[in-house]
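1. My questions concern the predicted model and sequence given below.
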Amino acid sequence: MAYLGLVPSEHSSGKRERRGGITKAGNSHVRRVLVEAAWTYRHPARKTATLQRRAERTTTEIQEIAWEAQKRPCHRYRHLSRHGKLPVQVCTAIARELTGFIWAVGQQAEVRRP
C-alpha cells in the first residue's frame, strides 16, 4: 500500500502522533485507477450472471476473496459516508482496502503456481 502512496503521511516525535493526507508516493497511474474503481463501491454488492461465469473459471479460494472484496468495501463505503466523511476521502480509503484484496489474490495465485 505504501508503494502506491495510499498510506497517511506521518510527522511523529515521541508520544505525539501527527498523521496527514495520503503520501502520493509511487505509481500515480495505479493509484488513480484504484481510486476510480473505488467509486463503484457506492452501489450495493451483487453478483451478475457475467461475473458468475468469470468466477467459475477460478479457484474457490479466489472466488471467496473476490466476493469479500465486493461485500466489505460496499459496507465500508456506506458506513464512512453515514459518519460524515467526504466522498473523496471515502473512495481513497476504499482504494487502500482494495489494494489489500488485490495483494491477497496475488498471494493465492503465487501459491498455486507450479
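-> Sure, I can see it.

2. show me where the chain has strands.
-> Counting by DSSP state E, one finds strands in the chain at the ranges 8-10, 19-22.

3. Quick check: which ranges of this structure have low pLDDT?
-> In the prediction, the chain carries residues with pLDDT under 70 at positions 110-114.

4. Can you list the residue ranges for helices in this protein?
-> Counting by DSSP state H, the chain has helices at residues 28-38, 49-55, 60-82, 87-112.

5. returning to what we had before: put together CSV for the strands of the chain, with distance to residue 64 and mean neighbour count on each row.
-> Where you see a C-beta, it was placed from the backbone N, CA and C, and this is true even at glycine. Conversion of the strands of the chain to CSV gives the following (distance: least, Cβ to Cβ, whole Å; neighbours: other Cβ atoms under 10 Å):
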stretch, distance to residue 64, mean neighbour count
strand 8-10, 29, 12
strand 19-22, 29, 12
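
6. Adding distance to residue 106 as columns, could you present those strands in CSV?
-> Shown next, in CSV, are those (distance: least, Cβ to Cβ, whole Å):
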stretch, distance to residue 106
strand 8-10, 23
strand 19-22, 22
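
7. Looking at those strands, spot the one closest to residue 35.
-> Put simply, out of the strands of the chain the one that sits nearest residue 35 is strand 19-22, at 9.7 Å, with distance taken as Cβ to Cβ.
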